[in-house]
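Chemist: 3D model of this:
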Amino acid sequence: MGSSVVSFIHHLKLADEYAKDFVRSAPGTRGAVIFDNYSKRIAWIFRDVITYPHFGDEVREGMRREIASDAFSYDSLIEKVALLNPEQRDMLEGLLTDILKGKTVEINIL
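Modeler: Residues are numbered from 1 along each chain as shown. This next block holds a predicted model:
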């Protein structure tokens, strides 16, 4: 369920970035007005979801951090992972699993 919430926020953030880019690229047009309105609606969704009283403080704080994060870093990570060979992907998957479990990870650069 947590990954669905993160994906929901991530995709809304991307949509908001693209809407704002359209407004910057075509100022004063009817499309800019429409996309500015959509951006405002996305901002409303973000405000609404982080103030929903039935979510715990930890969940709301996690959503706030996700909303404040870089929308394009996720896609950048996926692009980089695709360049790894199968053994490297397996190692990375294990590392990510350990990080998500809260384990301390030490990296020695040779």
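Chemist: Report the separation between T29 and F22.
Modeler: Separation of T29 from F22 (C-beta to C-beta, to the nearest Å): 9 Å. From N, CA and C alone the C-beta is placed, and that goes for glycine too.
Chemist: More neighbours: which of the two?
Modeler: F22 (18 against 12; other C-beta atoms under 10 Å).
Chemist: Secondary structure element holding that one?
Modeler: In this structure, F22 sits in helix 2-25 according to DSSP states H and E.
Chemist: Only the buried residues of whichever helix or strand comes after that helix, if you could.
Modeler: Note on helix 2-25: by DSSP H and E, the next helix or strand toward the C-terminus is helix 30-50. Neighbour-count burial for helix 30-50 flags A32, F35, Y38, S39, I42, F46, V49, I50 (criterion: 16 or more other C-beta atoms under 10 Å).
Chemist: Tell me who's in contact with the closest residue to the fifth one other than its chain neighbours.
Modeler: The spatially closest residue to I42, leaving aside those adjacent along the chain, is D16, at 4.5 Å (C-beta to C-beta, 6 or more residues apart in numbering). With C-beta atoms under 8 Å, 6 or more residues apart in numbering as the criterion, the residues that contact D16 are S39, I42, A43, A71.
Chemist: What residues does the last one make contact with?
Modeler: Looking back up the chat, that one is A71. Contacts of A71 (C-beta under 8 Å, 6+ apart): H10, K13, L14, D16, E17.
Chemist: So what does the residue nearest to the third one when sequence neighbours are not counted look like in phi/psi?
Modeler: What that stands for is L14. Excluding the flanking residues, the one nearest L14 by C-beta to C-beta, 6+ apart is A71, at 5.2 Å. Here is the backbone geometry of A71 (degrees, to the nearest 10): phi -60, psi -30.
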